[in-house]
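A.B. asks: just the structure for this:
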Amino acid sequence: MPANPSPAAAVQPDLAAMLFAMARLWAGSPLKALWRLRRPALGFLLSRLRRHRARRKGLLVPLGIGLSPTSRCNLRCQGCYARFHSREGEMPIAVIRATVASAEAHGVFLFVITGGEPYLRPEMLDLYRAHPRSLFLTVSNGTLIDGPTARRISACGNVLPMISIEGDEAQTDTRRGHGVYRQVIACMERLRGEGVLLGFSAVVARNNAETLSSDGFVSEMVRRGASTGFYNDLIPMSEEDLPQLPEPEQAAVFRRRLRELRQRFPILLVHLPDDEYDSRGRCLAVAGGSMHINAQGYAEPCPFAHYARERVCDTGFAEALRSPFLAALREHPTVLIHGRVGCSLVHNAETLREIAGSSTSFSQIGSVSAATCRPYSISPRW
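C.D. replies: Numbering: from 1, shown residues only. Model (predicted):
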């Protein structure tokens, strides 16, 4: 049955509030949450101080960044945005360690670890444990998190697995492969048994929007131990993805239902990228300095925008923070404005390409490399 209104009731909670709400729902009370996550909590306060010091020096440091240790995956999911990414030239673990250490020292607190399937690189678990004052949110299909891995995650104390699921068994298996749903449920039970703070991640598409916004689905996720859920709008990366997009009326109903669910269930529900936009429709993530370090080390503005000047393998993370390209995106009047496609940089792809390749605007930074994703076209319907 639905519980009393939860800390997740706000429509657009800021990241700090979101993190505390997740911990509170998991631990059962604010004091227990602070105690169980005391080292990340201290890290959050330190990161705030470091970001403040950096800002006084004119350097914008985000609270969180995305990082993909691999683009490889053991599944072949329909519509996956990473299916066009290069599988070659992954960052060595030494580079990833140096990147995380530098980011943490500058004030980054949250690392969203994605891919590919991040648990194809089990050495990342040692990295998480080496940084107890940072929080690592790992987006995983769940099929590689066996008993020993779940125990290692629990021992870290600062890892939040977000397990991908697409609705009911038929919907999940249709998109992810036969038998995956049962593996996902088993994974969530395994993590819950080890006392791990966990959540779910789902792609909102035409065939599952109604299920994902139903009382039954959300109550099932709460029962399985999820304290948070990420609803990710399908971002089309090719023309073949277009039939999977929800119809406009479906999308409107989903948003209305989500507002109701946030009021009625003890789980923090986040709608991405919707919750990343301010009242003007501007992407707060990119505007706030966030970036995605892809598997080859390129510092992209986000996982859907494959343009980069800096590569941490060559320049280090500090130079990525000072990227003239990323600064130009933040300063541009329209490229970060929400359009009819969920991601502003996909909707404004032509403008993004012009900024990345403009010899007049970017003569000072040289060429901007853009070759980790197969080119895709923007449909006239947008």
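
A.B. asks: how about the helices of the stretch 251-382 of the chain, start to end?
C.D. replies: With DSSP state H, counting those that start in this stretch as the criterion, the stretch 251-382 of the chain has helices at 284-287, 312-315, 317-321, 324-331, 344-347, 349-357.

A.B. asks: does anything pack onto the one helix or strand E249 maps to? Which helices or strands?
C.D. replies: Secondary structure assignment for E249, by DSSP states H and E: helix 248-264. Judged by 3 or more CB pairs under 8 Å, 6 or more residues apart in numbering; DSSP states H and E, helix 248-264 is in contact with helix 209-212, helix 215-223, strand 268-272. (Glycine included, C-beta is placed from N, CA and C.)

A.B. asks: okay if I get these as a markdown table plus mean pLDDT?
C.D. replies: Output for the helices and strands packed on helix 248-264, formatted as a markdown table (pLDDT from 0 to 100):
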| stretch | mean pLDDT |
| --- | --- |
| helix 209-212 | 98 |
| helix 215-223 | 97 |
| strand 268-272 | 92 |
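
A.B. asks: make a markdown table out of these and add mean neighbour count and distance to Q296.
C.D. replies: Converted to a markdown table, those look like this (neighbours: other CB atoms under 10 Å; distance: least, CB to CB, whole Å):
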| stretch | mean neighbour count | distance to Q296 |
| --- | --- | --- |
| helix 209-212 | 20 | 32 |
| helix 215-223 | 17 | 34 |
| strand 268-272 | 22 | 24 |
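
A.B. asks: distance to M124 for those - can I get that in TSV?
C.D. replies: Below are the helices and strands packed on helix 248-264 laid out as TSV (distance: least, CB to CB, whole Å):
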stretch	distance to M124
helix 209-212	28
helix 215-223	25
strand 268-272	22
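
A.B. asks: that older thread, what is the distance between the helix holding E249 and the centre of its chain?
C.D. replies: In terms of CA atoms, centre = their mean, to the nearest Å, the centre of helix 248-264 is found 21 Å from the chain centre.

A.B. asks: about what we covered before: and of the helices and strands packed on helix 248-264, who's closest to F230?
C.D. replies: Taking CB to CB, strand 268-272 is the member of those nearest to F230, at 5.2 Å.

A.B. asks: and the one helix or strand T149 maps to, what does it pack against?
C.D. replies: In this structure, T149 sits in helix 147-156 according to DSSP H and E. In terms of contacts (3+ CB pairs under 8 Å, 6+ apart), helix 147-156 is packed against helix 124-130, helix 180-193.

A.B. asks: can you list the weak-confidence ranges in the protein?
C.D. replies: 1-36, 84, 358-382 (pLDDT under 70).

A.B. asks: grab the most central residue of it for me.
C.D. replies: V112 (5.3 Å; CA atoms, centre = their mean).

A.B. asks: now the strands for this protein?
C.D. replies: 64-67, 110-113, 135-140, 159-164, 198-204, 226-233, 268-272, 292-293, 299-300 (DSSP state E).
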